[in-house]
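Engineer: model this:
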Amino acid sequence: MRTIFYLIRKEFIQIFRNKFIGRAIFGVPIIQMLILVPAVTFEIKEIRLCVIDRDMTSLSRSLVSKLEGSTFFMLAHSTFSDEEANSLLLKGKCDLVLQIPDGFAKESRKGNPARIMASVDAINASSAQLSWAYLSGVIRDFNSEIIIKNISTASPAAIPRISITNRYWYNEMLNYKFYMLPGILGILITAIGFLLAGLNLVREKEVGTIEQINVTPVRKHQFIIAKMVPFLIIGLADMVLGLALGKLAFGIPFEGSLLLLLLCAAVFLISVLGFALFISTFSSTQQQFMFIAFFCMIIFILMSGIFTPLESMPEWAQKADLINPVAYIMRINRMVMLKGSTISDIQTDIYSLLLIGAFFTLFAIRRYRKTA
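Structural biologist: Numbering: from 1, shown residues only. Below is the predicted model of the structure:
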């Protein structure tokens, strides 16, 4: 134990001797949180709308006014030419073209279905689906108003309707920052643990200082543990810094236990550090390690569920995520921070992280070669 303690002290001295790394450890989290949390969002607030109103009646103008009054749409263009509207859509100057044909109001007064046509720019499929959903919602409300106005034999109160009351749990105001910050925190400690720990070992190989350790009686497991502990502590410190910054800058709620979240983060960091050190044992240069690490990190992050729900992924991807530690920490962060989940709610994720961490750490110890 005494040997491990001295090795850990040596690692801390070596880490903070490099002034750039010392600043980056605490500077990068601040910049990353302030930039990524408000920037990474799937919300659409201003959909540029082009209207072709060939009906030119009070009803058609009322529909256009309702769209303009929505917080989601902005009337960017109005024209009578299909060619001009299609050109605007092609050039990216509008996101949606709404065509109101002649006879729209006439058909509506007769009680017949009044048809309109919407052309949506679907280069970005997610944006197109949201735009269509917003348009459908506005038209549905507008249609309900027309039905109520056309009924003369009954008052609106007498019309049989189903009343629906919505309640959004865990994020009542649907603030996207509340959803993204736990995910960004997961990426933050992944980058700190994965990249710095691996580069630290590989750099010692390049400069030759690791040879001095290899000729000592230090055992392999002592060496690997000493490499992991400093970055485990640094990762937890960055986690606390990110949480404090999220609370102060964005008002992120925290419903669960801080100790539970830090415990889960520690287990996650063990698995990430074990994997990073495993890769560094067969990497001869920092460039080799960075290439492999970048490849693995991109896969881990994109398949973690931060952008796409795991349930929406193909079955093979969901099975592959069973060995993805980032997927577990994403789920744990959101459940503990937003739902206030306890250890019984996330015990399966914790056990999975423990298995992954033990697996990669043992592989790193076994793969490391003490050669003088």
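
Engineer: any idea where the strands of this protein begin and end?
Structural biologist: When assigned using DSSP state E, the strands of the chain occupy the ranges 47-53, 73-78, 96-100, 117-120.

Engineer: how about the worst-scoring helix or strand of the chain on mean pLDDT as PDB, C-alpha atoms only?
Structural biologist: Counting by mean pLDDT, DSSP states H and E, the weakest-scoring helix or strand in the chain turns out to be helix 210-214, with a mean of 76. Once non-C-alpha atoms are left out, helix 210-214 reads as follows in PDB (Å, rounded to 0.1, in the frame of the first residue of the first chain):
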ATOM      1  CA  ILE A 210       8.900   4.300 -17.600                       C
ATOM      2  CA  GLU A 211      12.100   2.200 -17.900                       C
ATOM      3  CA  GLN A 212      13.000   3.500 -14.400                       C
ATOM      4  CA  ILE A 213       9.800   2.000 -13.000                       C
ATOM      5  CA  ASN A 214      10.200  -1.200 -14.900                       C
END
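
Engineer: name the helices or strands packed onto that helix?
Structural biologist: Helices and strands touching helix 210-214, by 3 or more CB pairs under 8 Å, 6 or more residues apart in numbering; DSSP states H and E, are helix 197-207. (C-beta placed from N, C-alpha, C; glycine too.)

Engineer: how about the helix it packs on as CSV, C-alpha atoms only?
Structural biologist: Output in CSV follows, covering the C-alpha atoms of helix 197-207 (Å, rounded to 0.1, in the frame of the first residue of the first chain):
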residue,chain,number,x,y,z
ALA,A,197,-4.8,8.7,-18.5
GLY,A,198,-3.8,6.9,-21.7
LEU,A,199,-1.6,9.8,-23.0
ASN,A,200,0.1,9.9,-19.6
LEU,A,201,1.3,6.3,-19.8
VAL,A,202,2.2,6.5,-23.5
ARG,A,203,4.2,9.7,-23.0
GLU,A,204,6.3,8.0,-20.4
LYS,A,205,7.1,5.3,-23.0
GLU,A,206,8.2,8.0,-25.5
VAL,A,207,10.5,9.9,-23.1
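
Engineer: show me what counts as buried in that helix.
Structural biologist: Buried residues in helix 197-207, defined by neighbour count with 16 or more other CB atoms under 10 Å: 197, 198, 199, 200, 201, 202, 203, 204, 205.

Engineer: hmm, who's touching it?
Structural biologist: With contacts defined as CB atoms under 8 Å, 6 or more residues apart in numbering, helix 197-207 is touched by 11, 14-15, 210, 213, 227-228, 231, 273, 276-277, 279-281, 283-286, 288-290, 293.

Engineer: among the residues you listed, name the buried ones.
Structural biologist: Buried members of the contacts of helix 197-207, scored by 16+ other CB under 10 Å, are 11, 15, 210, 227-228, 231, 273, 276-277, 279-281, 283, 286, 289, 293.

Engineer: which one of those residues is nearest to residue 91?
Structural biologist: Using CB to CB, residue 293 comes nearest to residue 91 of the buried ones among the contacts of helix 197-207, at 40.6 Å.

Engineer: select the longest helix from this protein.
Structural biologist: Using DSSP state H to define each element, the chain has its longest helix at helix 220-250.

Engineer: now it against helix 197-207, angle please.
Structural biologist: 130 degrees (axes from the mean of the first three to the mean of the last three CA atoms, to 10 degrees).

Engineer: now helix 220-250: how far from the chain's centre is it?
Structural biologist: The chain centroid and the centroid of helix 220-250 are separated by 20 Å under CA atoms, centre = their mean, to the nearest Å.

Engineer: summarise which helices and strands that helix is packed against.
Structural biologist: Against helix 220-250 (3+ CB pairs under 8 Å, 6+ apart) you get helix 2-17, helix 19-39, helix 176-191, helix 197-207, helix 258-281, helix 347-367.

Engineer: which residues touch the last one?
Structural biologist: What it means is helix 347-367. For helix 347-367, using CB under 8 Å, 6+ apart, the contacting residues are 220-221, 224, 228, 264, 267-268, 270-271, 273-275, 277-278, 281-282, 322-323, 325, 328-329, 331-332, 343.

Engineer: try 6 Å
Structural biologist: Identification of contacts with helix 347-367 by CB atoms under 6 Å, 6 or more residues apart in numbering yields 220-221, 224, 267-268, 270-271, 274-275, 277-278, 281, 325, 328, 331-332.

Engineer: widest-spaced pair of those?
Structural biologist: Every pair of the contacts of helix 347-367 checked by CB to CB; the farthest is 220 and 331, at 33.1 Å.

Engineer: look at the two and report which has more neighbours.
Structural biologist: residue 331 (21 against 16; other CB atoms under 10 Å).
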